[in-house]
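Colleague: Have a look at this fold, sequence not included:
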């Protein structure tokens, strides 16, 4: 026992001196592992934030693409309907112009025939100066009516064509406005 007590007495001061060193080392290791743990937590939080941001960006981009696609599909349908209406109106205008031209020609033939009969009944030669002037006047008046009718038909068709152009410009404006709103939404969300 005395040997044990002498060993304990000689080791005890060394152990007593080692305990503060061990405690200091242990504290240092605890602080070091706490710092590493905090750094790992920050890294995980940053990864989660980056993943959440990327997911939000993907969701916003998908939403904006869907909005643009829906707008374009709606506009395409509207344009198709408008083009069909415009084409119908142009066809109707052309049919009306053709009918008016046929009626004008029929009226001219009747007027010329009536005038020739009237002139012949009065004893006036239709190839004479006054007979020919009367017939040429009727033809000229009919030609002026034809030109006026053609001009009116052309104006109607130009107006219908302008309607299609206005629709195309409106569609482009709506797409540009949506793209600008989406760009601002993107900047507000992720800048």
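Modeller: Looks like it arrived, so ask away. This one's a predicted model, so the numbers in the text were calculated from it and none came from an experiment.
Colleague: Residue ranges in the protein under the pLDDT threshold?
Modeller: Within the chain, the ranges that satisfy pLDDT under 70 run 1-32.
Colleague: and with 80 instead?
Modeller: The chain contains residues with pLDDT under 80 at 1-34, 124-129, 191.
Colleague: Does the host helix or strand of residue 73 pack against any helices or strands, and if so which?
Modeller: Here residue 73, judged by DSSP states H and E, is contained in helix 2-122. When contacts are defined as 3 or more CB pairs under 8 Å, 6 or more residues apart in numbering; DSSP states H and E, helix 2-122 packs onto helix 129-190. Yep, even glycine has a C-beta here, placed from its N, CA and C like the rest.
Colleague: I figured residue 134 hits residue 115, correct?
Modeller: Yes - counting by CB atoms under 8 Å, residue 134 sits close enough to residue 115 to count as a contact (5.8 Å).
Colleague: now the angle between helix 129-190 and the helix holding residue 73, please.
Modeller: 170 degrees (axes from the mean of the first three to the mean of the last three CA atoms, to 10 degrees).
Colleague: how many neighbours does residue 158 have?
Modeller: Residues lying near residue 158 (other CB atoms under 10 Å) number 10.
Colleague: separation between it and residue 43?
Modeller: Applying CB to CB, to the nearest Å, the value for residue 158 to residue 43 is 68 Å.
Colleague: Same check on residue 172?
Modeller: To residue 43, residue 172 is 48 Å away according to CB to CB.
Colleague: Same check on residue 106?
Modeller: Here residue 106 is placed at a distance of 93 Å from residue 43 (CB to CB).
Colleague: List the contacts of the most centrally placed residue in the chain.
Modeller: Against the mean C-alpha coordinate of the chain, by CA atoms, centre = their mean, the closest residue is residue 175 at 2.8 Å. Contacts of residue 175 were listed using CB atoms under 8 Å, 6 or more residues apart in numbering, and they are 68, 71-72, 75.
Colleague: Please apply the same query to residue 165.
Modeller: Applying CB under 8 Å, 6+ apart to residue 165 gives no contacts.
Colleague: Can you report how many residues lie near the closest residue to residue 174 other than its chain neighbours?
Modeller: By the measure of CB to CB, 6 or more residues apart in numbering, the closest residue to residue 174 outside its immediate chain neighbours is residue 71, 6.4 Å from it. Residue 71 has 16 neighbours, counted by other CB under 10 Å.
Colleague: follow-up on the earlier one: for the helix holding residue 73, what is the distance to the chain centroid?
Modeller: The chain centre lies 14 Å from the centre of helix 2-122; the measure is CA atoms, centre = their mean, to the nearest Å.
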